[in-house]
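*Asks:* Okay, structure incoming, though there's no sequence with it:
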């Protein structure tokens, strides 16, 4: 029992706000339920115990995954509701998707696509590209971002309870395999370029101090993970610099 | 100017988690636009690059409490613009780090508040009432808008208050030292965060290739 025209555009728009009510109780659950609701409208909705209301309630249960891939679960669960799948199966499907969608999304986006483009942007700014590099970053990043959200929603709807097959799609598997090395190379190149860019106004002695402080800070973050973070290091270095600058210089 | 920065900082703060995650919350974007608003693109780009490097130290997985560098970068650029010169870079970074810390704490508090609200409305949610669901979700969104606006407003207040009080206190060499501390910690965090992402597998070789390429370009440009 599929709706003649599923409201993909409504669901996609709502998916952009999937983390709008992020909380420790249901994580993305409410956002997923809100995004799924337009796709459930073809279900019988008469009475307090109607299939539509039961599906809406299920849609808002606990869910956690990468936000860009949450559409896969939204589409799959909505399709399963229309196909009349048992409630327990739909609950199990949602629970089973949390881990893979989180893991693939983190590798593909947070550890691939995003730092890759960020590294290229930093390198471009350091080489004098200025604000145009930032505009290009936003445009290219969001072409991938919107395309991934749209693809995930459509694939989820297409496969329903057999959505696991979509997780083997070359886009996800090869995308993550390519994005990792590309990201490493881009950010590796960006680091010396940004160092040169930021240190340009400094003389020889400040550059020497900068090099020593950066190496010591790097070692501290690497060897004391959790205890020394970028934020703590920055505040500590600034406090030392303020005291030294105030009293001795 | 204040209202434009407040509006931009709020959009940036909401983009990070709630809507639409199009990465205007990335410091390099937030800083550049804040610089354009202030007519000081150079400060915006520089501060944006510093906080973008600091952002590499952060991987937004799960519900971990992390600093929020988007509105922080807007406040940092406003501070750098007000202080100008070497003092601007250092002082802007300090203000940005403090606001980043505050932003992270408010994110955590917002999630706890959302949890309580959701918990209190569990009967309505379990009844499958779509209006109750949407009302709760929009409520969470609006709370995040207010949170982001508040964090940005505190940051802009610091940007207005701090520079006049420190401009005469630090000598030019002291101001340079503060800027050096900011850049050094950003580079350290950027390098350590990148290596954490890269890991010890085959990507490490690609990182080395990129690093060598970057060094060659730097030497060649000199």
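*Replies:* All right, it came through fine. Small disclaimer: the values here were computed from a predicted structure and weren't measured.
*Asks:* Sketch out the strands for chain A, chain order is fine.
*Replies:* Assigned by DSSP state E, the strands in chain A number zero.
*Asks:* Walk me through the domains of it.
*Replies:* A:8-201, A:202-249 (automatic domain parsing).
*Asks:* ranking the ones you listed by burial, who's on top?
*Replies:* domain A:8-201 (a mean of 20; mean count of other Cβ atoms under 10 Å in any protein chain shown). Using the backbone N, CA and C atoms, a C-beta is placed for each residue, glycine as well.
*Asks:* how far does that one stretch from start to finish?
*Replies:* 52 Å (Cα to Cα, to the nearest Å).
*Asks:* Compare the domains of chain A and report which one is nearest to residue B:20.
*Replies:* Nearest to residue B:20, of all the domains of chain A, is domain A:8-201, at 3.9 Å by Cβ to Cβ.
*Asks:* starting at the chain centroid, how far to the closest one?
*Replies:* Averaging C-alpha positions (Cα atoms, centre = their mean, to the nearest Å) puts domain A:8-201 7 Å from its chain's average.
*Asks:* do the same with stretch B:164-184
*Replies:* 21 Å.
*Asks:* Now do the helices in chain B.
*Replies:* Under the criterion DSSP state H, chain B contains helices at B:2-17, B:27-38, B:41-55, B:69-83, B:85-120, B:122-126, B:130-166, B:172-198, B:203-221.
*Asks:* Could you say which of those helices is packed most deeply?
*Replies:* Of these, helix B:69-83 is the most buried (mean count of other Cβ under 10 Å), at a mean of 32.
*Asks:* Could you check how far the most centrally placed residue in chain B is from residue A:94?
*Replies:* Nearest residue to the geometric centre of chain B (Cα atoms, centre = their mean): residue B:69, 1.3 Å. Computed as Cβ to Cβ, to the nearest Å, the residue B:69 to residue A:94 distance reads 32 Å.
*Asks:* again with residue B:178
*Replies:* Remark: distance between residue B:178 and residue A:94 (Cβ to Cβ) = 50 Å.
*Asks:* try residue A:192
*Replies:* Residue A:192 sits at a distance of 45 Å from residue A:94 (criterion: Cβ to Cβ).
*Asks:* next one: residue A:83
*Replies:* 15 Å.
*Asks:* Check residue B:49 too.
*Replies:* With Cβ to Cβ as the criterion, residue B:49 and residue A:94 are 41 Å apart.
*Asks:* What of residue B:196?
*Replies:* Counting by Cβ to Cβ - residue B:196 and residue A:94 are separated by 31 Å.
*Asks:* show me where chain A has helices.
*Replies:* A:8-15, A:29-36, A:51-59, A:70-82, A:87-105, A:114-126, A:131-159, A:170-199, A:204-223, A:230-247.
*Asks:* ok, now which ones touch residue 105?
*Replies:* I went with chain A, as the question did not name one. A:65, A:66, A:67, A:68, A:69 (Cβ atoms under 8 Å, 6 or more residues apart in numbering or on different chains).
*Asks:* My question was about chain B, not that one.
*Replies:* Counted by Cβ under 8 Å, 6+ apart, residue B:105 has contacts residue B:65.
*Asks:* And residue A:199, by the same measure?
*Replies:* A:206, A:207, A:210, B:183.
*Asks:* confidence score at residue A:45?
*Replies:* Per-residue pLDDT puts residue A:45 at 87.
*Asks:* cool, residue B:66 as well?
*Replies:* 88.
*Asks:* right, and it touches residue B:103 too?
*Replies:* No: under the criterion of Cβ atoms under 8 Å, residue B:66 makes no contact with residue B:103, lying 9.2 Å away.
*Asks:* Skip the chain neighbours and tell me the closest residue to residue A:148.
*Replies:* Of all residues not flanking residue A:148 in the chain, residue A:68 sits nearest, at 5.1 Å (Cβ to Cβ, 6 or more residues apart in numbering or on different chains).
*Asks:* That neighbour contacts residue A:152, doesn't it?
*Replies:* Yes: the pair residue A:68 and residue A:152 qualifies as a contact (Cβ under 8 Å) at a distance of 7.0 Å.
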